[in-house]
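Colleague: Turn this into a model:
(one chain, ligands or ions: 1)
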Amino acid sequence: MSKIKIKYYDGTSDKREVLDEEVPYPEGKLIVSRTDIFGNLTHCNQSFVDMSGFEEDELIGKSHYILRHPDMPRAAFKDLWGTIKAGNKWKGYVKNLRKDGKYYWVYAVVVPNIRKGKVVGYASVRRKPSRTKVNECIALYKTMLAEEQS
Ligand SMILES: Cc1cc2nc3c(=O)[nH]c(=O)nc-3n(C[C@H](O)[C@H](O)[C@H](O)COP(=O)(O)O)c2cc1C
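Modeller: Residues are numbered from 1 along each chain as shown. Prediction:
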């Protein structure tokens, strides 16, 4: 088993197991999380905990990038943050990395949590993605990633 060094946007990095093995999205479940304005997790539902493979106390207070998969292009998250910081809803397909190195695809809708006109945090609700869209994203993200690395 090999570990891959993953570099995060904030300059930190981590060595994580990355396996080419997909875990299917659980039927009929929504995977929900809430974060503060910096993207640190403040709430995860049981499906989130189960799919991530982490314990709840390993997740709360941590940055959402704990799920970042090295196959995801930076531009996808740049687009996400630009959209939600402006107070808008972001929708997209995300490949997530589990604690055990396996991965799972989600269709995510991320919304800002606005109180008295101010963004006080964010929430993401994920559902089972269409396989056709996932296949399109695999090709698209591969191209985007290659451009980012060139
Ligand atoms: C509410 C919310 C949900 C997020 N969900 C995910 C997620 O499921 N997977 C993921 O990799 N990043 C997610 N992110 C984006 C991360 O904060 C982060 O930008 C991303 O993992 C890429 O890491 P990087 O910005 O350090 O490169 C989410 C952010 C927010 C605000």
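Colleague: the strands in the chain, which residues?
Modeller: Listed in chain order, the strands of the chain (DSSP state E) span residues 3-7, 13-17, 31-35, 41-44, 90-97, 103-115, 118-127.
Colleague: what comes up buried for stretch 38-51?
Modeller: Gly39, Asn40, Leu41, Cys44, Ser47, Phe48, Val49, Met51 (16 or more other C-beta atoms under 10 Å). C-beta here means a position set from N, CA and C on the backbone, and glycine is covered the same way.
Colleague: that older thread, ok, which of the strands of the chain comes nearest the ligand?
Modeller: strand 118-127 (3.7 Å; C-beta to the nearest ligand atom).
Colleague: With just CA atoms, put the longest helix along the chain into CSV.
Modeller: Assignment by DSSP state H gives helix 131-149 as the longest helix of the chain. Output of helix 131-149 as CSV, limited to C-alpha atoms (Å, rounded to 0.1, in the frame of the first residue of the first chain):
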residue,chain,number,x,y,z
ARG,A,131,-23.4,7.4,-13.5
THR,A,132,-23.5,9.2,-16.8
LYS,A,133,-22.6,12.5,-15.2
VAL,A,134,-19.9,10.9,-13.1
ASN,A,135,-18.3,9.4,-16.3
GLU,A,136,-18.4,12.9,-17.9
CYS,A,137,-16.7,14.3,-14.8
ILE,A,138,-14.0,11.7,-14.7
ALA,A,139,-13.0,12.7,-18.3
LEU,A,140,-13.4,16.5,-17.6
TYR,A,141,-11.5,16.5,-14.2
LYS,A,142,-8.7,14.5,-15.8
THR,A,143,-8.2,17.1,-18.5
MET,A,144,-8.5,20.0,-15.9
LEU,A,145,-6.0,18.3,-13.6
ALA,A,146,-3.5,17.7,-16.5
GLU,A,147,-3.8,21.4,-17.4
GLU,A,148,-3.2,22.4,-13.7
GLN,A,149,-0.1,20.2,-13.5
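Colleague: Perfect, that will be all.
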